[in-house]
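Colleague: got a predicted structure plus its sequence, pasted below:
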Amino acid sequence: MSLQKIFSCLCFLLMMNTIFSSTFVKAEENTYQSRKALYLKTAALTDIPWYYLAAIDQYERNIRFSRQDLPDPKNLQGLYIHPLEWSGPLNPNPHETDPMRIAFFSGIGKDGNGDGKADQENPEDALYTMGKYIHKFGTTKPFIKIALWNYYHKDKVIAIIMENAKLYQHFGKVELTDHSFPIPRRNRADFRSTWGDRRGWGGLRIHEGTDIFAFYGTPVLATSYGVVELIGWNKYGGWRIGIRDPKNIYHYYAHLNGYNKGIKKGSIVKPGQVIGYVGSSGYGPKGTQGKFPPHLHYGMYKYNGKTEFSFDPYPYLRAWRRQQ
Ligand SMILES: [Zn+2]
């Protein structure tokens, strides 16, 4: 093969690659836009603000992707309403779509798109059903919380959904998927894979994160969109901060020197925003520092509706650093 041929082959491959990846990005954008349209439509029909519907939908989509016992979402919406709940516990047909029979058996399934069927697999029907369920309790925040309590019976789930709702309302969109490396591009940041290692202080604990070595006072950036769920001192982590993103992922930053002004519990952050500064706090009573070299301990945890588990942030950190 001549050099020219090889060159044109390469050009062709590069071009195809660009076309494919831009098609993919477009499709993703469209998904988010279609979802938001679905939330707005359901909000108009049920009086439940769109960002609450979006938050519930997103919460359920997240847990379905992280659990073996739940099917992956098949369409635009992520809600999984159990067939018995949908059709009614005593309904002989768990896949009932007749709204009258569903109502007769006290199922919650409803027809949202007016085609005469209450179909669990139909995004409009599923979301409308959830909206109507909440509507029975009320349409404002305190009543929505009561409705969620009745549906989920878990404080943590309600807290996560409320945080999601706050993010969607604040940013006015559901596409909140950008990420940032936690240290600015110009700053030194050395890290290697240390997740699962044994730790030196406080008994037998495994290392649930990646240590990123940087100079004292280096800005620490939020890696995702999220809401500050926890802030303050802990004898292990020192000055630390925990932020929950819309994918149910909890980002934990520890051993800080201090926090950025204005960052407090409930604050909304976006990727790349300064949340604090690198330090060496921790491993003792409040204010202890200097027991180890300054670094950022960064951990990632995922809530699947039942438990919260740590996973290795290293591959993500590497990708985000490369993208900077
Ligand atoms: Zn660490």
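Modeller: Received, thanks.

Colleague: can you check which strand is longest in this structure?
Modeller: Looking across the chain with DSSP state E, the single longest strand is strand 249-259.

Colleague: touching the ion at all, it?
Modeller: No: counting by Cβ under 5 Å from the ion, the ion is not contacted by strand 249-259; separation bottoms out at 6.8 Å. Every residue, glycine included, has its C-beta placed from N, CA and C.

Colleague: for Tyr225, which non-adjacent residue is closest in space?
Modeller: Sequence neighbours aside, Leu176 is the residue nearest to Tyr225 in space, at 3.9 Å (criterion: Cβ to Cβ, 6 or more residues apart in numbering).

Colleague: spell out which parts of the stretch 151-300 of the chain neighbour the ion.
Modeller: Within the stretch 151-300 of the chain, the positions near the ion by Cβ under 5 Å from the ion are 209, 211, 297.

Colleague: pLDDT score for the last one?
Modeller: This means His297. In the predicted model, His297 carries a pLDDT score of 97.

Colleague: so what's Lys156 up against?
Modeller: Contacts for Lys156 (Cβ atoms under 8 Å, 6 or more residues apart in numbering) come out as Tyr303.

Colleague: could you export the host helix or strand of it as PDB, CA atoms only?
Modeller: In the assignment (DSSP states H and E), Lys156 maps to helix 155-171. The C-alpha coordinates for helix 155-171 follow below in PDB (Å, rounded to 0.1, in the frame of the first residue of the first chain):
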ATOM      1  CA  ASP A 155     -35.400   9.300  54.700                       C
ATOM      2  CA  LYS A 156     -32.300   8.900  52.600                       C
ATOM      3  CA  VAL A 157     -34.300   8.400  49.400                       C
ATOM      4  CA  ILE A 158     -36.400  11.500  50.100                       C
ATOM      5  CA  ALA A 159     -33.200  13.500  50.800                       C
ATOM      6  CA  ILE A 160     -31.600  12.400  47.600                       C
ATOM      7  CA  ILE A 161     -34.700  13.200  45.500                       C
ATOM      8  CA  MET A 162     -35.100  16.600  47.200                       C
ATOM      9  CA  GLU A 163     -31.400  17.400  46.300                       C
ATOM     10  CA  ASN A 164     -32.000  16.400  42.700                       C
ATOM     11  CA  ALA A 165     -35.000  18.600  42.500                       C
ATOM     12  CA  LYS A 166     -33.100  21.500  43.900                       C
ATOM     13  CA  LEU A 167     -30.400  21.000  41.200                       C
ATOM     14  CA  TYR A 168     -32.900  20.800  38.400                       C
ATOM     15  CA  GLN A 169     -34.800  23.800  39.600                       C
ATOM     16  CA  HIS A 170     -31.700  25.800  40.000                       C
ATOM     17  CA  PHE A 171     -30.100  25.100  36.600                       C
END
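
Colleague: quick check: buried residues in it?
Modeller: Residues of helix 155-171 classed as buried: 157-165, 167-168 (neighbour count, 16 or more other Cβ atoms under 10 Å).

Colleague: returning to what we had before: buried residues of the longest strand of the chain, list them for me.
Modeller: With the criterion 16+ other Cβ under 10 Å, strand 249-259 contains buried residues 249-257, 259.

Colleague: and the residues you listed, which two are furthest apart?
Modeller: Largest separation among the buried residues of strand 249-259 by Cβ to Cβ: Ile249 and Asn257, giving 24.6 Å.
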